[in-house]
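> sequence unknown, structure follows:
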Ligand code: NAP
């Protein structure tokens, strides 16, 4: 069965995930950081696109010791599986996501990826080949489901999130909206990609909760499924 997919992102008051130069910005505070850490700890896997790895070099690890211990107590690995969606195997061999923290990593590539790069990558991670030119996200999710991954948290960026939404693969979205304006028409947003043009392409959401958190607002949405 395909995993349940939860998108989480922090955005500025004007809906940007980072600057037009794709530089990471501190949008949320400690409370939201802890919420995200718990969300991560409750997931079987954490996924990002290669754009986020190249821009931010995240480790995608659960930071709080208590959360890591809770995972171990319920029989899970200390860290969720970390997954990078990377058609051409561009991930640098020294990327933090491949080295920081214990546990399994998956890099999803397409058939277009260089065979030698794939072979080298296999020394650091499990490689899943899905799709011809770009990673086929439906096939990837099916394969993840087959390996027992039931809950995937997606940490960005906007290009990957847009594709996941377009493919009907997203179940829930958390957005923290912080008290900062970043601006710039080319700055990444929650869902970049091509964009939807008209009904019924638009992705409709149901608001589950809107909560003030520090100097921002946390919104929790579920994604409506067409009847
Ligand atoms: P991204 O979404 O992380 O990665 C996009 C890349 O994934 C694509 O360019 C593509 O590259 C690869 N990909 C492979 N198959 C794909 C598919 N089927 N659909 C979509 N993408 C696919 O990159 P991004 O949009 O550039 O976002 C990075 C920016 O977001 C950074 O500035 C980062 O700081 C920011 N960010 C912010 C937050 C936040 O919460 N504020 C969170 C994460 C990231 P290939 O074709 O080469 O594989």
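Structure received. On a predicted model such as this, the values are computed, not experimentally measured, just so you know.
> contacts for the host helix or strand of residue 175?
Assessed by DSSP states H and E, residue 175 sits inside strand 172-177. The contact list for strand 172-177, computed with C-beta atoms under 8 Å, 6 or more residues apart in numbering, reads 4-13, 15, 27-28, 32, 39, 190, 205, 208, 213, 216-223. Heads up, the C-betas are built off the backbone N, CA and C, glycines and all.
> Tell me which strands that strand pairs with, and in which orientation.
Applying DSSP bridges, strand 172-177 is found paired with strand 4-11 (parallel), strand 216-223 (antiparallel).
> contacts for the first one?
Counting contacts by C-beta under 8 Å, 6+ apart, the residues outside strand 4-11 that touch it are 17, 27-28, 32, 36, 39, 43, 141, 150-156, 158, 161, 164-165, 169-178, 189-190.
> Sort out for me which of these are in strands.
Among those, DSSP state E puts 151-154, 172-177 in strands.
> Now do the same contact list for the residue nearest the centre of the chain.
Of all residues in the chain, the one closest to the mean position by C-alpha atoms, centre = their mean is residue 154, 2.3 Å from it. Applying C-beta under 8 Å, 6+ apart, we find residue 154 in contact with 5-8, 46-48, 160-161, 164, 170.
> which residues does it bridge with?
Going by DSSP bridges, residue 154 forms beta bridges with residue 7, residue 47.
> Could you tell me how far it is located from residue 160?
With distances taken as C-beta to C-beta, to the nearest Å, residue 154 is found 7 Å from residue 160.
> overlap in contacts of these two?
Each of 47-48 lies in contact with both residue 154 and residue 160 under the rule C-beta under 8 Å, 6+ apart.
> what's around the residue lying closest to residue 212 once chain neighbours are set aside, how many residues?
Distance criterion C-beta to C-beta, 6 or more residues apart in numbering; nearest residue to residue 212, sequence neighbours excluded, is residue 218 at 7.9 Å. Here the number of neighbours of residue 218 (other C-beta atoms under 10 Å) works out to 19.
> so which of the contacts of residue 154 is the most crowded?
Among the contacts of residue 154, the one with the most neighbours (other C-beta under 10 Å) is residue 47, at 30 neighbours.
> my guess is that one meets residue 151, correct?
No: contact criterion C-beta atoms under 8 Å: residue 47 and residue 151 do not qualify, at 11.1 Å.
> Just the pLDDT for the residue lying closest to residue 104 once chain neighbours are set aside.
In space, and not counting its chain neighbours, residue 104 is closest to residue 81: 4.6 Å by C-beta to C-beta, 6+ apart. pLDDT for residue 81: 98.
> gap between residue 81 and residue 25?
Here residue 81 is placed at a distance of 27 Å from residue 25 (C-beta to C-beta).
> and if you look at residue 60?
According to C-beta to C-beta, residue 60 stands 18 Å off from residue 25.
> Of these two, which one has the most company?
residue 60 (24 against 15).
> In contact with that one, which residues are there?
Residue 60 is in contact with 40, 46, 48, 80, 82, 97, 101, 155, counting by C-beta under 8 Å, 6+ apart.
> hmm, try it at 6 Å
Residues near residue 60 by C-beta atoms under 6 Å, 6 or more residues apart in numbering: 46, 82, 97.
> Name the SS class of the last one, please.
Following DSSP: H, G, I helix; E, B strand; the rest coil, residue 97 is assigned to helix.
> Quick check: pLDDT value at it.
pLDDT, read off for residue 97, is 98.
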